[in-house]
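Novice: requesting a structural model of the entry that follows:
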Amino acid sequence: MQPKKPNGSMRLLIIDDEENIRRATAVALEGMGYETAGVGNRAAAVKQLENRDFDVAFLDLKLDGESGLDLLPELLKLNPRLEVVVFTAYASVETAVEAMRRGATDYIPKPFTPEQIRRVLGKIIEARKLRLRVAELESRLSADSPATDLTSSEPAMQKVIEMASKAAATPATILLLGESGTGKTVLARALHANSPQQDNAFVTVNCPSLSRELLESELFGHVKGAFTGASGDTFGKVALAEGGTLFLDEIGEMPLEIQPKLLRLLQEKEYERVGEAKTRRASVRVIAATNRSLEQAVAEGRFREDLFYRLNVISIQMPPLRERLADLLPAAVNYLRFFAGQCGKRITGFYPEAQRAFRQHTWPGNLRELRNAVERAVILAGVEEIELADLPEKLWEQPPATGAHGVHVGARVSLEELENEHIGRVIEQTATLEEAARILGIDQATLYRRRKKLSA
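Specialist: Take a look at the predicted model:
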């Protein structure tokens with residue numbers, strides 16, 4: 001169970017020349033948990049939109065000496081994402097149709113009740129959720145990736161999941177650490193899915209993929225003419241993530257020039273678009289990830305110390321795959337099912353020698369390398385199970401994962417060396433640490449510590 005996202009993250013503008021209507025509407029909306037502002041004419045409405053971002057505007061069609069219909073396109077030009085709800089005492093089919101034609105989202109006749117307002121806002125919120133959900137599904141389909149199961153039999157990974165579960169419900173910034181391919185992006189999505197922001201957007205910014213100028217525009221947006229090629233106004237990823245999660249992948253690669261602006265976003269929830277002096281507010285939850293040592297980057301002057309401490313409120317270290325041997329084959333089977341279905345093949349599993357090769361490999365590329373190996377194997381497989389020959393050649397000839405040099409009973413070696421050799425061989429021949437611990441007659445936590453010591 002997750003806490004609900006407060007309505008206060010939506011900001012509503014009431015445009016009506018009757019003060020009593022503005023006040024009554026504001027009382028109703030604030031009672032529902034929304035933040036409101038009220039104005040009585042066109043100039044005041046334009047000024048509000050120039051200085052602040054609003055999600056919804058309630059617009060009277062008959063302002064004092066002005067036409068709300070004429071103002072409507074101007075409001076949408078100032079904020080293309082604004083949802084405009086028109087209300088008027090002069091309700092007619094013709095005015096409703098004309099308001100919709102000019103960009104209104106919905107229409108309420110006067111006099112109206114709080115319940116009518118609640119229903120209209122409910123439809124707007126549901127429509128936004130649906131758009132975000134469609135965008136997320138399209139993104140996942142275009143990535144063409146199998147779903148990743150975060151359940152684990154490994155104590156180190158179980159600790160990660162436990163910490164992530166506690167952190168997800170808080171507004172704290174989270175820093176994900178770990179080698180490339182360990183599943184940091186998957187964990188970031190899981191954090192979002194179990195957070196109060198879950199009904200809003202999850203927006204990813206890949207920090208190393210763009211130049212400094214383009215990355216700044218990607219993050220904060222830009223106005224027309226801000227730089228060569230800026231042919232129109234653009235809302236950045238921060239605005240797209242409003243009310244949701246902004247995921248900064250490979251944050252260690254962010255240029256120094258942009259880092260103060262990110263620090264300001266984290267501390268003050270404020271930013272400006274490139275080429276614009278107007279300060280904007282942002283309500284976003286930031287999750288960052290890196291495969292680099294940020295402490296070392298700080299020491300070398302490549303990363304701001306104050307930004308590091310602001311990002312490092314809660315840090316979660318993702319263990320590499322070589323330290324998650326109990327999760328190795330389940331993950332491989334998950335990839336197998338996905339790619340077999342994609343290729344239209346009936347492949348049920350892995351032959352024992354293929355499983356052994358999996359366990360003996362060190363997987364420097366982690367889950368990403370495993371995925372590629374399984375995808376290749378499925379494509380090449382000619383039978384119902386993956387054979388050793390279907391795997392990449394580097395997996396064919398592997399040295400023992402932990403064994404020493406021909407250690408055997410009676411050899412002139414210490415008891416510890418003999419134990420280490422035996423533990424290593426049992427781990428090689430079993431599918432999980434739980435099974436290995438049962439054979440060895442020790443508990444799983446003890447075996448985990450012994451295996452970690454062997455691989456050190």
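
Novice: helices and strands around the lengthiest helix in the chain, which ones?
Specialist: The longest helix of the chain (DSSP state H) is helix 114-143. Helix 114-143 sits against helix 19-31, strand 56-60, strand 83-88, strand 106-109, with contacts defined as 3 or more C-beta pairs under 8 Å, 6 or more residues apart in numbering; DSSP states H and E. Just so you know, the C-beta spots here come from the backbone N, C-alpha and C atoms, and that holds for glycine as well.

Novice: go with 7 Å
Specialist: Here helix 114-143 is seen to pack against helix 19-31, strand 106-109 when contacts are counted using 3 or more C-beta pairs under 7 Å, 6 or more residues apart in numbering; DSSP states H and E.

Novice: from the ones you listed, which stretch is densest packed?
Specialist: Highest mean neighbour count among the helices and strands packed on helix 114-143 (mean count of other C-beta atoms under 10 Å): strand 106-109, with a mean of 18.

Novice: find the residue at the geometric middle of the chain.
Specialist: R189 (4.1 Å; C-alpha atoms, centre = their mean).

Novice: you'd agree that one is up against F202?
Specialist: Yes: applying C-beta atoms under 7 Å as the test, R189 and F202 come out as touching, 6.2 Å apart.

Novice: so the residue nearest to the centre of the chain versus S283, what's the distance?
Specialist: 20 Å (C-beta to C-beta, to the nearest Å).

Novice: report the residue ranges of every domain in the chain.
Specialist: 7-124, 155-319, 322-455 (automatic domain parsing).

Novice: quick check: chain neighbours aside, which residue is closest to K129?
Specialist: Leaving aside its chain neighbours, K129 sits nearest to D199 (5.3 Å; criterion: C-beta to C-beta, 6 or more residues apart in numbering).

Novice: which of the three states applies to the one you found?
Specialist: Three-state assignment for D199 (DSSP: H, G, I helix; E, B strand; the rest coil): coil.

Novice: now swap in the one 4 residues further on and tell me
Specialist: Reduced to three states with three-state DSSP, the structure at V203 is strand.

Novice: which pLDDT value goes with it?
Specialist: We have a pLDDT of 92 for V203.

Novice: and what of R140?
Specialist: 57.

Novice: before we move on, what about the one 4 residues further on?
Specialist: D144 carries a pLDDT value of 57.

Novice: for the residue nearest to L391 when sequence neighbours are not counted, give its distance to G33.
Specialist: Spatial nearest neighbour of L391, chain neighbours left out: A377 (5.5 Å); criterion: C-beta to C-beta, 6+ apart. From A377 across to G33, the span is 53 Å (C-beta to C-beta).

Novice: picking that back up, lowest mean pLDDT across the helices and strands packed on helix 114-143, which one is that?
Specialist: strand 106-109 has the lowest average pLDDT among those, namely a mean of 85.

Novice: show me how far that one is from its chain's centre.
Specialist: In this view, strand 106-109 has its centroid 36 Å away from the chain centroid, taken as C-alpha atoms, centre = their mean, to the nearest Å.

Novice: show me what that strand pairs with in its sheet, parallel or antiparallel.
Specialist: strand 83-88 (parallel) (DSSP bridges).

Novice: got the buried residues for the strand it pairs with?
Specialist: Neighbour-count burial for strand 83-88 flags E83, V84, V85, V86, F87, T88 (criterion: 16 or more other C-beta atoms under 10 Å).

Novice: would you format those residues as CSV with distance to A326 included?
Specialist: Output for these, formatted as CSV (distance: C-beta to C-beta, whole Å):
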residue, distance to A326
E83, 49
V84, 55
V85, 55
V86, 60
F87, 61
T88, 66
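
Novice: of the residues you listed, closest to A297?
Specialist: E83 (42.0 Å; C-beta to C-beta).

Novice: can you redo the helices and strands packed on helix 114-143 as a markdown table with distance to G382?
Specialist: Below are the helices and strands packed on helix 114-143 laid out as a markdown table (distance: least, C-beta to C-beta, whole Å):
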| stretch | distance to G382 |
| --- | --- |
| helix 19-31 | 65 |
| strand 106-109 | 59 |
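
Novice: how far does the host helix or strand of E416 sit from its chain's centre?
Specialist: Following DSSP states H and E, one finds E416 within helix 415-429. Remark: helix 415-429 is offset 41 Å from the chain centroid, using C-alpha atoms, centre = their mean.

Novice: mind listing what's buried along it?
Specialist: Neighbour-count burial for helix 415-429 [16+ other C-beta under 10 Å]: L418, N420, E421, I423, G424, R425, V426, I427, E428.

Novice: adding pLDDT and distance to V46, write these out as CSV.
Specialist: Formatted as CSV, the buried residues of helix 415-429 follow (pLDDT from 0 to 100; distance: C-beta to C-beta, whole Å):
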residue, pLDDT, distance to V46
L418, 77, 82
N420, 81, 75
E421, 78, 78
I423, 84, 73
G424, 79, 73
R425, 75, 76
V426, 79, 74
I427, 79, 69
E428, 71, 72
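
Novice: the more surrounded of A377 and G33?
Specialist: A377 (24 against 12; other C-beta atoms under 10 Å).

Novice: what helix or strand is the more buried one on?
Specialist: Going by DSSP H and E, A377 is in helix 366-380.

Novice: for that helix, packing partners?
Specialist: helix 325-343.

Novice: I'd like the next helix or strand past the helix it packs on.
Specialist: strand 349-350.

Novice: ok now that next one, how far from the chain's centre?
Specialist: 32 Å.

Novice: pLDDT of that strand, averaged?
Specialist: Mean predicted confidence for strand 349-350 is 94.

Novice: name the helices or strands packed onto it?
Specialist: Against strand 349-350 (3+ C-beta pairs under 7 Å, 6+ apart) you get strand 385-386.

Novice: which secondary structure elements does the strand it packs on contact?
Specialist: strand 349-350.

Novice: appreciated, that's everything.
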